[in-house]
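Student: Sequence first, then the predicted structure, then my questions.
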Amino acid sequence: LVRSRGLGDVYKRQCTMFWNKKLRRWAEAVRARADLPARLVLWNGEQFDFGRFEQPRVTLTVRSASALPLLLDPSLDHLGQAYVKGQIDIDGRLPDIIDFGYALARRMSKTQGVGKGPGRLALAARAARRFRHSRSTDRESIQYHYDVSDDFYRLWLDEGMVYSCAYFENGDEDLATAQRKKLDHILTKIRLQPGQRLLDIGCGWGALVLRAAQHFGAHCVGVTLSRNQFEAATERVRAAGLADRIEIRLQDYRDVQGRFDRITSVGMFEHVGRRNLPMYFAHMRELLADDGLALNHGITSTDADVDATALGGGAFIDRYVFPDGELPHLSLALEAMQRGGLEVLDVEGLRRHYVRTLQLWLERFEACVPEIRALVEEERFRIWRVYLAGCAYAFEHDDVSIFQVVCRRAGQGAASLPWSRRYMYERVL
């Protein structure tokens, strides 16, 4: 027994020496190539600096040796995974932490010969996702993300519970005003008129259909796969006294039937799957009246060949935030619309608007950390904190983008088209 303990101690010392040597070489390589203002602190107190500085802006504390394989291959996915699982803690200003994570992932990916494109695991994951977009898997993915807790979202979204990119007409609006302007901007773009039937695919907590019925006089149907959103939106419609003009359904978009004068889809097509986009837009065409208009508002990849953000960010989001989500490039989305029988009329990029939206969400999130931690487990808190901050960085640096696209049934005459985009801005938002 004594001998066994002795051998065990020797093994532990050898492991410690192995990892210390590996970490020292790795930290030296980072310092030589990146010179980052960050410090690595091991569970035994030993320290390694990633750069030359008086005081680190970021301190990364390793809580468990199980984090070391992830740390030594520091993609955004691996760094995020170690943080979410509590294997590492990171101290510093959140913008500095995100800058450090991206800089480390970028520098080391170049060192290891990994380009911007997806690796073998990412390609395998993409192939698997092609076969996962059934009604049941899509419902599970939506409910995983949106059915966390309405109280959780209420803490950092605006009062209208609008969970998509806001519209900052002047750039100085508060979050609630910018979200209201976004709704009005969408409904003005599609020239919504009193008495028309509007379908909102992925209606969230009902903000758009409420606005359409109250201020544009429309009759609305909103569909969602989230039970929490369905129940909350239904209650909001009842409380507003609009049950005779708005119907909220817990329904898959593929099961919607009938004809609608206007269709909106905000933050929805990211869940459809790249392969399914032509079918998605073809169904939208079937539901659209002959003289109808539709608007798709969605996040896109900025790499025409990749459906995820670079440096492992997309893998992290797929693993922890949006299971089975896929980002098409704008060119693919437009092609899918054409293949689905729709004519593209107008395209507007809102990347700067989403940067500001995410900044405001993150400010609200950080301002109520104790309340959030009381509502959700620590892992969920860490996921959302790093996700919001990372997305703000990604939109700021053109890793992802977002577009609103207005379309109609293809093959129609030109006489019904407006001469210019002026009508979109004549209404006071």
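Tutor: Received, thanks.

Student: I'd like the distance from Arg63 to Asp89, if you could.
Tutor: Distance of Arg63 to Asp89, given as Cβ to Cβ, to the nearest Å: 6 Å. Backbone N, C-alpha and C define where each C-beta goes, glycine included.

Student: my guess is Val272 meets Tyr280, correct?
Tutor: Yes: Val272 sits in contact with Tyr280 when judged by Cβ atoms under 8 Å, with a separation of 4.7 Å.

Student: Pro37 is in contact with Gly51, correct?
Tutor: Yes: counting by Cβ under 8 Å, Gly51 touches Pro37, with 5.3 Å between them.

Student: How is the closest residue to Ile190 other than its chain neighbours assigned, secondary-structure-wise?
Tutor: Nearest residue to Ile190 in three dimensions, chain neighbours excluded: Leu293, at 4.4 Å (Cβ to Cβ, 6 or more residues apart in numbering). The three-state label given to Leu293 by DSSP: H, G, I helix; E, B strand; the rest coil is strand.

Student: I'd guessed Leu293 sits against Met284; true?
Tutor: No: Leu293 lies out of contact with Met284 (Cβ under 8 Å); the separation is 11.2 Å.

Student: More neighbours: which of the two?
Tutor: A count of neighbours by other Cβ atoms under 10 Å puts Met284 above the other of Leu293 and Met284, at 26 against 22.

Student: Tell me the confidence at that one?
Tutor: With respect to pLDDT, Met284 scores 98.

Student: That one contacts Ala294, correct?
Tutor: Yes: in this structure, Met284 is within contact of Ala294 by Cβ under 8 Å, at 5.8 Å.

Student: Name the residues contacting each of the two.
Tutor: Both Met284 and Ala294 are contacted by 263, 265, 342, under the criterion Cβ atoms under 8 Å, 6 or more residues apart in numbering.

Student: Confirm the second one sits in a helix?
Tutor: Yep, that's Ser265 we're talking about. No: under three-state DSSP, Ser265 sits outside any helix and is assigned strand.

Student: Go ahead and confirm it touches Leu198.
Tutor: No: taking contacts as Cβ under 8 Å, Ser265 lies outside contact range of Leu198: 11.5 Å.

Student: Below-threshold pLDDT in the stretch 51-200 of the chain: ranges please.
Tutor: 110-147 (pLDDT under 70).

Student: Ok, the stretch 301-429 of the chain next?
Tutor: Across the stretch 301-429 of the chain, the ranges flagged by pLDDT under 70 are 307-308.

Student: Now do the helices in it.
Tutor: Here the stretch 301-429 of the chain has its helices, by DSSP state H, counting those that start in this stretch, at 313-320, 330-339, 351-367, 369-375, 378-396, 423-426.

Student: pLDDT at the closest residue in space to Thr234 that isn't next to it in sequence, what is it?
Tutor: Nearest residue to Thr234, sequence neighbours excluded (Cβ to Cβ, 6+ apart): Ile248, at 4.7 Å. We have a pLDDT of 98 for Ile248.

Student: Ile248 looks like it's in a helix, true?
Tutor: No: using three-state DSSP, the secondary structure at Ile248 is strand, not a helix.

Student: Who is it paired with across the strands?
Tutor: Per DSSP bridges, the residues bridged to Ile248 are Gly222.

Student: tally of neighbours for Arg31?
Tutor: Residues lying near Arg31 (other Cβ under 10 Å) number 16.

Student: what about the host helix or strand of it, average pLDDT?
Tutor: Counting by DSSP states H and E, the element that carries Arg31 is helix 2-33. Across helix 2-33, the average pLDDT comes to 72.

Student: Please report how far Ala207 lies from Asp252.
Tutor: 21 Å.

Student: quick one: which of those two has more around it?
Tutor: Shown here are Ala207 and Asp252; by other Cβ under 10 Å, Ala207 has more neighbours (26 against 17).

Student: any idea how far Arg285 is from Gly340?
Tutor: 6 Å.

Student: OK, contacts around Glu28?
Tutor: Going by Cβ under 8 Å, 6+ apart, the list of residues near Glu28 is empty.

Student: if we can go back for a sec, who's more crowded, Gly51 and Pro37?
Tutor: Legend: neighbour count by other Cβ under 10 Å for Gly51 and Pro37, higher for Pro37 (20 against 17).

Student: Just the pLDDT at the more buried one, thanks.
Tutor: pLDDT recorded at Pro37 is 94.

Student: Can you tell me, leaving aside adjacent residues, what's nearest to it?
Tutor: Arg57 (4.3 Å).

Student: Check whether that neighbour really touches Ala38, as I assumed.
Tutor: Yes: with contact defined as Cβ under 8 Å, Arg57 and Ala38 form a contacting pair (6.7 Å).

Student: joint contacts of these two?
Tutor: Counting by Cβ under 8 Å, 6+ apart, the contacts common to Arg57 and Ala38 are 92, 100.

Student: The two: who's more crowded?
Tutor: Using other Cβ under 10 Å as the criterion, Arg57 and Ala38 rank with Ala38 on top: 27 against 18.
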